[in-house]
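3D, please:
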Amino acid sequence: MRVSVDPSRALLEELGRPQGRFLSIHIAGTKGKGSVAELIARGLLRAGLCCGVYGSPHVERVQERVRLNSEEIGDDALAEALEAALDALETGRTRDSTATEATWFDVLTAAAFYAFAEAQVDVAVVECGLGGRLDSTNVIQAPFAVITNIGLEHTEILGSTRSAIAREKAGIISPGAAVFMGLDETDVAGRAIVESARDLGASVMALPPSPGDSIHDRNGRIARAVLDAFGRHFSRRYPGARVPAHEPWGVWALDAATFAAASLPGRLERRMAGEVQVVLDGAHVAESLRAVLDELAADPALVSQPVVVFGTGKEKNARALLKELSSRTDSLLCTSVGPGPHHAPLELLAMARESGIGAVVSETPRRALDEALRLAGSDGWVLVTGSLHLVGAVRRFTRAYPPNG
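So this is what the prediction gives:
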C-alpha cells in the first residue's frame, strides 16, 4: 500500500518541475470527475485558453488520458513525454533518489505534466486516479479543488466509511484553495470535506444535487461554478480571453453546444451494434449505477428493460451492483475481461441468481455482446456496465450513434 507521494514528487523534480509551469484544477470523486474535468476544459477552451486534461482510466487507448485542447495527445508527443519521464527516472537511479520507487502511474503522470508544459498550456485540469491524498497527481498546488461526490469505493485502501473516504479525497486541497463539492454540508462526507478545508484555510462551495437532477445537471452545475470562479480570479491574467467583460464565465463558456461536445468514452455513451442501441457506462459503485439507471429510465427512446452485459473487479461490491440491476433487467450476461483482479463469470452468475436476476455466463466480452444483441433484437437495447475495462473490451465492436453518425 502506498504511504507517500514522494516518488512522484521526486520524479517531477528530476524532470524540472513541469507542473509549476501552468495553473491546475484538481478533481477527485467517486463518479463524474472525468465528465466534470472535460466540461471545465471545454469551457476554458471556448474562452480562448489553451487547456490540458489528465484523466484516468482510459477505455481503449492510453492517449485518452492526456488531452490537449480536447484532442487526444499525438503518438509522437506522448512518446517524447514518456521518454523524458523515463530518462528522469534513470537519472534518479544514479542519484539514489526516491524517484526510483516511482510506479507506472507516477511515470505517466510526470509525462502528462511534461507534455502540458511543452505545449505551454494555460491550465491543466487534473483528475485523480485513486483517492486523492496519496494519488500520484497530488503534487500540484491547485487554486481550485473539486470533489464531485463520495461513495463506498476502494474501501480496502481509502477506508470503510464515506467520511473516511471523503478525508482521503480532500487530501487534494491546497492551503487557501477554493473547493467545490457536489455534496451538502450536512452530509457526513460533506462535513468531512468542510472540516479538512477549514484546517487549510480553504473555502468551500457546496453544490448538492437537486431533486430530479440528471447526471448532466449535476456535472454541469459544478463545472459552471468552477468556470465562474476562474473568471473572477484569473480573467486579468488572460487578457486575450474571449468572454465578454462582466459576463459569468460558466454561462458564456459552457453554452449548450460546448456542453453537448463534452462527452467521454464509456460514460453514458450511446453506440450501435448492428441495429441495436448499446449504452456503455463503466459505473462500478452502486450509487453511481443507480444514477445511470435512473437517467436511462427517463429516456422515452429506451422504454424496454435492457439486456445487460456485466463484469466488475474483485475489489468492487458486485452484490450491491447486482441489487441495483435486479429491478431493472431480467436478462443479464456475466462475463470478464480476463483473469486477475476481475470476478470470474461463474462467481457473478451465483451472485446474480441470489439477486433473482435471470443470468447466464458468457466467457468473453465479445461473446457476451453478441448474445446480448441477439436477445435484445431490433426493438431492444443493451447496457454494458460494471467496469470501464469491460466497456473498453466491448466498445471496439460497436459504432457511433446515431446510426448515420
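
Walk me through the domains of the protein.
What automatic domain parsing lists as the domains of the chain is 6-261, 269-400.

Using a markdown table, lay out the ones you listed together with mean neighbour count and mean pLDDT.
The C-beta positions use only the backbone N, C-alpha and C, and glycine is treated the same way. Compiled in a markdown table, the domains of the chain are given as follows (neighbours: other Cβ atoms under 10 Å; pLDDT from 0 to 100):
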| stretch | mean neighbour count | mean pLDDT |
| --- | --- | --- |
| domain 6-261 | 20 | 95 |
| domain 269-400 | 20 | 95 |
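
quick one: terminal-to-terminal distance for stretch 69-78?
One end of stretch 69-78 sits 15 Å from the other (Cα to Cα, to the nearest Å).

Distance-wise, check V361 relative to L348.
8 Å (Cβ to Cβ, to the nearest Å).

From the contact counts, what lies against the helix or strand where F259 lies?
Assigned by DSSP states H and E, F259 falls within helix 256-261. Packing partners of helix 256-261 (3 or more Cβ pairs under 8 Å, 6 or more residues apart in numbering; DSSP states H and E): helix 33-46.

Please, where are all the helices along the stretch 1-150 of the chain?
6-14, 33-46, 75-94, 104-118 (DSSP state H, counting those that start in this stretch).

coming back round to it: which residues do V361 and L348 both contact?
Common neighbours of V361 and L348 (criterion: Cβ atoms under 8 Å, 6 or more residues apart in numbering): C334, T335.

before we move on, the earlier item: next, format the helices of the stretch 1-150 of the chain as a markdown table and append distance to A283.
Putting those into a markdown table (distance: least, Cβ to Cβ, whole Å) gives the following:
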| stretch | distance to A283 |
| --- | --- |
| helix 6-14 | 28 |
| helix 33-46 | 12 |
| helix 75-94 | 28 |
| helix 104-118 | 22 |
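
Quick check: closest non-adjacent residue to G274.
Using Cβ to Cβ, 6 or more residues apart in numbering and skipping the chain neighbours, the partner closest in space to G274 is L373 (5.9 Å).

what helix or strand does that neighbour sit in?
Short version: L373 belongs to helix 365-376, going by DSSP H and E.

Can you list the strands that the next helix or strand after that helix pairs with?
Later in the chain than helix 365-376, the nearest helix or strand by DSSP H and E is strand 381-385. Paired strands of strand 381-385, with direction, are strand 276-281 (parallel), strand 307-310 (parallel) (DSSP bridges).

now for the next helix or strand after strand 381-385, which elements pack on it?
Following strand 381-385 in sequence order, the next helix or strand is helix 388-395 (DSSP H and E). The elements that helix 388-395 packs onto, with contact taken as 3+ Cβ pairs under 8 Å, 6+ apart, are strand 269-273, strand 276-281, strand 307-310, helix 365-376, strand 381-385.

Could you dump those into TSV and include distance to D6?
Shown next, in TSV, are the helices and strands packed on helix 388-395 (distance: least, Cβ to Cβ, whole Å):
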stretch	distance to D6
strand 269-273	37
strand 276-281	36
strand 307-310	39
helix 365-376	38
strand 381-385	37
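
Can you say which of the helices of the stretch 1-150 of the chain is nearest to W249?
helix 33-46 (6.9 Å; Cβ to Cβ).

which one of the strands paired with strand 381-385 lies closest to R270?
Nearest to R270 among these is strand 276-281; the distance by Cβ to Cβ comes to 5.7 Å.

Give me the angle between the closest one and strand 269-273.
Calculated by axes from the mean of the first three to the mean of the last three Cα atoms, to 10 degrees, strand 276-281 forms an angle of 150 degrees with strand 269-273.

Let's see stretch 299-310 as PDB, backbone CA atoms only.
Output in PDB follows, covering the C-alpha atoms of stretch 299-310 (Å, rounded to 0.1, in the frame of the first residue of the first chain):
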ATOM      1  CA  ASP A 299     -35.400   8.400 -21.800                       C
ATOM      2  CA  PRO A 300     -38.600   7.700 -23.800                       C
ATOM      3  CA  ALA A 301     -36.400   6.000 -26.500                       C
ATOM      4  CA  LEU A 302     -35.500   3.300 -24.000                       C
ATOM      5  CA  VAL A 303     -38.900   2.000 -23.000                       C
ATOM      6  CA  SER A 304     -38.000  -1.700 -22.500                       C
ATOM      7  CA  GLN A 305     -35.700  -3.200 -20.000                       C
ATOM      8  CA  PRO A 306     -32.100  -3.600 -21.200                       C
ATOM      9  CA  VAL A 307     -30.200  -6.800 -21.800                       C
ATOM     10  CA  VAL A 308     -27.200  -6.200 -19.500                       C
ATOM     11  CA  VAL A 309     -23.600  -7.300 -20.100                       C
ATOM     12  CA  PHE A 310     -22.000  -7.200 -16.700                       C
END
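
Quick one: residues in contact with it.
In contact with stretch 299-310 (Cβ under 8 Å, 6+ apart) are residues 277, 279, 296, 321-322, 325, 328-335, 348, 352, 362, 365, 368-369, 372, 375-376, 379-386, 390, 394.

try it again with 6 Å
Stretch 299-310 is contacted from outside by 296, 325, 329, 331-334, 368-369, 372, 375-376, 380-384, 386, using Cβ atoms under 6 Å, 6 or more residues apart in numbering.

on that earlier part again, for the helices of the stretch 1-150 of the chain, which one sits closest to V226?
Proximity to V226, assessed across the helices of the stretch 1-150 of the chain by Cβ to Cβ, is greatest for helix 33-46 (5.4 Å).

tilt between that closest one and helix 388-395?
Going by the same axes, to 10 degrees, helix 33-46 makes 70 degrees with helix 388-395.
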